[in-house]
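**Student:** how would this look folded up:
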Amino acid sequence: MYLLVNVIGLLVFIGVGFIFSKKKKEIDWRAVITMLVINLVLAWFLTSFSIGRDIVLGAANGFNWLVQVAYTGIAFALPSWVNVKQMDFVASVLLPILMIIPLFDILTYIGILPWIIKWLGRGLAKITGQPKFESFFAVEMMFLGNTEALAVSSLQLKQMKAERTLTLAMMSMSCVTASIIGAYTQMMPGQFILTAIPVNIINAIIVTNILNPVKVTPEEDTIAKMGGSASAPGEEVAADGKIEREPFFSFLGDSILNAGKLVLIITANVIAFVALAALIDKVLQLINPWITLEHLLGIVMFPFAWLMGLDVSHAFEFAQYMGTKLVTNEFVVMGKVSGSIHTFAPHYQAVLTVFVTSFANFSTVGMIIGAFKGLVDREKNDMIAKNVGYMLLSGILVSLLSAATVGLFVW
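**Tutor:** Got it, this is the predicted structure:
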């Protein structure tokens, strides 16, 4: 019965996308169904076959190994934070980012990461039949993050029509950054984190194809050449218009500083959101001791949680986590369940982990709008600002679809 509900849920989530579609008659259902089948096969392979499970477990173990290596640096500077029975959230989860982000930036600097992104993007375009740049951008987000991917695509954004930039803004709600996957795998089942990432990519394309279908002509289906503008981190434009590579150690110093800023930003956000949520709970409980922010969010999100194929009690709990994640961020939910998630049933572990593996929340909207303001003209900015609701809906639907897709094969 629960499997049937999960299947129905998958169809309902696609139906919600259709209801809110801007151009229902222009949806390319053949492409949508093709990508949906690809995603189902991918999720089946990564969860139900030993070789698929070995791939994601190997990747998860690789990120965990990087985190353990990062602890060496943390232990040197802050031994009392590491050599203890129970490490706190900042030391165990966030401080390893100080090593992992520079590592990915180095891979970008020497050209390995751009090469991977380029060929994965081309392969995705051929497999899904989608425009080249949208496919390229989906892969780029997986490694660089949403605002970073937008920044290095500035020339392309200037040349695209406004409807396509809206598509990219909607896709940007559903990414994660490869450099913080190690932090995720310290808190949640790594195999489901690594399964969620490729599934999210294809679902982001599916959802934007339904919500905002855009016809792209062969003449428009190109990747802009960067020419005289800097195209990657570590490159600068000289006075004569030529690209000059920044000295390596200067580049590395900037990367480490940016990693430090990210750690502070995440820490500040988690502290502030958890504290504000507690304050809201205290105020609500003055009205009725039962009323809390999580209970209210759970009521709103319950139908969607139940459609994941969960029993009623677990569906309500999952709905509360869903609502908390959307209002705050994924780290708040991961922090709440990290100590107990391994005691959950396999299906519950899978759908919860996959759902929270994205940047889809209210604060991400502000980040994306801010990024576009410095990259595109007013017409495109206005297009994105007027469609904040669609950006949120896109992020929520991708998270729901991905969780339902992976959940089909884990019981």
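
**Student:** any low-confidence regions in the chain?
**Tutor:** Along the chain, the model assigns pLDDT under 70 to residues 83-89, 92-93, 152, 224-244.

**Student:** how many neighbours does the nearest residue to residue 146 once chain neighbours are set aside have?
**Tutor:** Closest residue to residue 146 apart from its sequence neighbours, by CB to CB, 6 or more residues apart in numbering: residue 172 at 3.8 Å. Every C-beta, even on glycine, is put in place using the N, C-alpha and C of the backbone. Neighbours of residue 172 under the rule other CB atoms under 10 Å: 29.

**Student:** so who does residue 172 touch?
**Tutor:** If you count contacts by CB atoms under 8 Å, 6 or more residues apart in numbering, residue 172 has them with 141, 146, 147, 149, 150, 364, 368, 391.

**Student:** farthest pair within these?
**Tutor:** Pairwise distances across the contacts of residue 172 peak at 15.3 Å for 149 and 391 (criterion: CB to CB).

**Student:** how much space between residue 398 and residue 14?
**Tutor:** Counting by CB to CB, to the nearest Å, the gap from residue 398 to residue 14 is 11 Å.

**Student:** quick one: which of these two has more around it?
**Tutor:** The neighbour comparison of residue 398 against residue 14 (other CB under 10 Å) goes to residue 398, with 30 against 19.

**Student:** where's that one, which helix or strand?
**Tutor:** helix 388-407 (DSSP states H and E).

**Student:** name the nearest residue to residue 301, ignoring sequence neighbours.
**Tutor:** Using CB to CB, 6+ apart, the closest residue to residue 301 is residue 319 (3.9 Å).

**Student:** again, but for residue 23
**Tutor:** residue 213 (5.2 Å).

**Student:** where do the helices sit along the stretch 251-400 of the chain?
**Tutor:** 293-306, 312-327, 330-337, 346-356, 362-373, 378-385, 388-407 (DSSP state H, counting those that start in this stretch).

**Student:** let me know the angle separating the fifth one from helix 378-385.
**Tutor:** If I follow you right, that is helix 362-373. 170 degrees (axes from the mean of the first three to the mean of the last three CA atoms, to 10 degrees).

**Student:** okay, the contacts of residue 172 in JSON lines with distance to residue 199 next?
**Tutor:** Shown next, in JSON lines, are the contacts of residue 172 (distance: CB to CB, whole Å):
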{"residue": "141", "distance to residue 199": "14"}
{"residue": "146", "distance to residue 199": "17"}
{"residue": "147", "distance to residue 199": "22"}
{"residue": "149", "distance to residue 199": "18"}
{"residue": "150", "distance to residue 199": "22"}
{"residue": "364", "distance to residue 199": "19"}
{"residue": "368", "distance to residue 199": "21"}
{"residue": "391", "distance to residue 199": "20"}
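
**Student:** still on that earlier bit, give me the phi and psi for the residue nearest to residue 146.
**Tutor:** According to degrees, to the nearest 10, the main-chain angles of residue 172 amount to phi -60, psi -20.

**Student:** please apply the same query to residue 20.
**Tutor:** Dihedral angles (degrees, to the nearest 10) for residue 20: phi -100, psi 10.

**Student:** also residue 338?
**Tutor:** Dihedral angles (degrees, to the nearest 10) for residue 338: phi -60, psi -30.

**Student:** can you give me the neighbour number for it?
**Tutor:** 16.

**Student:** likewise for residue 64?
**Tutor:** 16.

**Student:** what's the helix or strand hosting residue 101 packed up against?
**Tutor:** Using DSSP H and E, residue 101 sits in helix 97-109. For helix 97-109, the packing partners by 3 or more CB pairs under 8 Å, 6 or more residues apart in numbering; DSSP states H and E come out as helix 50-77, helix 112-128, helix 181-185, helix 248-287.

**Student:** list the contacts for the residue nearest to residue 23?
**Tutor:** Contacts of residue 213 (CB under 8 Å, 6+ apart): 21, 22, 23, 26, 27, 28.

**Student:** how about a cut-off of 7 Å?
**Tutor:** 23, 26, 27, 28 (CB atoms under 7 Å, 6 or more residues apart in numbering).

**Student:** give me the buried subset of the residues you listed.
**Tutor:** Buried subset of those (neighbour count, 16 or more other CB atoms under 10 Å): residue 27.
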